[in-house]
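build me a model from this:
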Amino acid sequence: MRLTGRCLELLKLLLCARWLTTGQVKRRFFPRATTDAVRKRLRILTLEGFLVKRQPEPTREALFTLGRRGKQVLENETETEIVLQRALPRQQMHFLAVNDIRIAAELAGSVNYFFGFWELPGLGWDFPVIPDAVVSLKDRTFAVEVDRGMEGIRYFLQTKIARYKRGVLGLPLTAVLIVADRGTRMQSLAKAIGGANGHFLYTTIELIRMNELSAPIFRDGMSNQAVSVVQEPLFSNSLADKRVFHF
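Prediction:
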């Protein structure tokens with residue numbers, strides 16, 4: 001089987017993303033194709049050994065990761081050894097939400113880099129707080145936190161937000177992006193976090209899945225204004241001198 005350029009890009013993305021659903025593959029690489037057509041292509045890649053498919057529940061989307069032939073293709077390109085994934089990720093929905101954000105960032109067309117929380121330790125990350133993701137768009141760097149509403153707001157504030165507000169020297173951030181599982185949760189988080197010592201922007205995972213990351217889908221909790229993370233200026237003039245803080 002001859003791999004197309006698009007299939008090769010899928011293998012490269014899986015090297016970082018580890019696991020992607022059928023829907024995520026469709027959104028990133030086959031936006032105009034039918035779901036059946038995407039499934040057919042993924043089935044061929046799986047049968048040929050480039051991908052491995054897992055479907056833990058019949059009612060949920062299948063997940064795909066690199067297969068042995070996919071590993072060989074990438075190792076021939078990079079000359080580095082690749083460790084294949086076999087165990088499905090823990091907290092699967094949370095993991096996939098991070099990759100939804102990764103795909104939205106790639107579709108924005110101006111992404112410098114994106115690292116999920118599972119990639120950060122390999123980069124020597126040793127700060128007290130580990131974001132769910134770090135993304136750079138148009139030379140602006142953002143930490144990303146996914147909140148699926150499984151824990152109390154107070155716990156989220158104490159374990160993550162308090163540390164961001166104190167600041168950790170090392171990586172200059174433009175803002176922290178809070179991605180909530182629903183609109184009401186987003187509003188509750190914005191109210192609880194408030195302003196001060198840096199900026200927090202809010203959106204929902206549904207909006208992430210429907211748009212590119214550069215779209216005006218974020219809310220400034222202080223003004224409830226819809227903003228794009230790449231717009232100029234990102235914040236009002238009165239806050240411009242605080243738009244970058246050190247994480």
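
burial of residue 89, as a residue count?
Counted with other Cβ atoms under 10 Å, the neighbours of residue 89 add up to 18. Just so you know, the C-beta spots here come from the backbone N, C-alpha and C atoms, and that holds for glycine as well.

over to residue 171?
Residue 171 - counted by other Cβ under 10 Å - has 14 other residues nearby.

I'd assumed residue 141 was in contact with it.
Yes: here residue 171 reaches residue 141: they are 6.5 Å apart, a contact under Cβ atoms under 8 Å.

is residue 202 in a helix, a strand, or coil?
Following DSSP: H, G, I helix; E, B strand; the rest coil, we place residue 202 in the strand state.

count of neighbours near it?
Neighbours of residue 202 using other Cβ under 10 Å come to 23.

with residue 148 instead?
By other Cβ under 10 Å, the residues close to residue 148 number 15.

the one 10 residues further on too?
Residue 158: 11 surrounding residues under other Cβ under 10 Å.

domains of this structure?
By the assignment in automatic domain parsing, the chain contains the domains 5-78, 92-246.

flag every buried residue along the longest helix belonging to the chain.
Longest helix in the chain, counting residues (DSSP state H): helix 92-108. Counting neighbours by 16 or more other Cβ atoms under 10 Å, one finds that the buried residues in helix 92-108 are 94-108.

stretch 220-228 too?
220, 221, 227, 228.

most widely separated two among the residues you listed?
221 and 228 (15.8 Å; Cβ to Cβ).

the biggest strand by length in the chain packs against which elements?
Secondary structure of the chain read by DSSP state E shows that its longest strand is strand 140-147. With contacts taken as 3 or more Cβ pairs under 8 Å, 6 or more residues apart in numbering; DSSP states H and E, strand 140-147 sits against helix 92-108, strand 133-137, strand 172-173, strand 175-180.
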